[in-house]
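Asks: Predicted model, plus sequence, below.
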Amino acid sequence: MKKLALVLTVLLLALPAAAQNTAAGSGVGNWTFAALGLGFAVGLAALGQSKVAAAAAEGMARNPSARPGIQLALFLGLAFIESLVLFIWVLIFLRT
């Protein structure tokens, strides 16, 4: 909960910087917001991938005979999570 409060505080403090004038090529532009979006996507995907890997390792430790099925689900889950980050990356380049 403390981490979430810290992230929200940093985001709220960064809002005035986003409201500055972007005249003469200075200030915050579309690429800054794209970088923030990609950063959030990558960070949350990393958290999701770590939870998937931890759950798969725990499942294989509890039931070693179910390893092939768990490993298949692990690889599919990781591929889907990573594909979401790649979709965000492509959308950023399409929008800017």
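Replies: That came in fine, so what should we check first?
Asks: Look up how far residue 53 lies from the residue of the chain positioned farthest from its centre.
Replies: What lies farthest from the middle of the chain is residue 65; by Cα atoms, centre = their mean that is 32.6 Å. Computed as Cβ to Cβ, to the nearest Å, the residue 65 to residue 53 distance reads 20 Å. Every C-beta, even on glycine, is put in place using the N, C-alpha and C of the backbone.
Asks: One more: residue 80?
Replies: For residue 80 relative to residue 53 (Cβ to Cβ), the value is 14 Å.
Asks: Run the chain-centre distance for stretch 82-89.
Replies: A distance of 9 Å separates the centroid of the chain from that of stretch 82-89, by Cα atoms, centre = their mean, to the nearest Å.
Asks: Residue 53 sits in which helix or strand?
Replies: Using DSSP states H and E, residue 53 sits in helix 30-62.
Asks: what's that helix packed up against?
Replies: With contacts defined as 3 or more Cβ pairs under 8 Å, 6 or more residues apart in numbering; DSSP states H and E, the packing partners of helix 30-62 are helix 67-95.
Asks: Please name the residues that touch residue 81.
Replies: Taking Cβ atoms under 8 Å, 6 or more residues apart in numbering, we find residue 81 in contact with 45, 48, 49, 52.
Asks: so the third one touches residue 82, yeah?
Replies: Yes: counting by Cβ atoms under 8 Å, a contact exists between residue 49 and residue 82, whose distance comes to 7.5 Å.
Asks: For this structure, give me the ranges with low pLDDT.
Replies: Along the chain, segments meeting pLDDT under 70 span 10-30, 96.
Asks: if you set the cut-off to 80 instead, what comes out?
Replies: 1-35, 37, 92-96 (pLDDT under 80).
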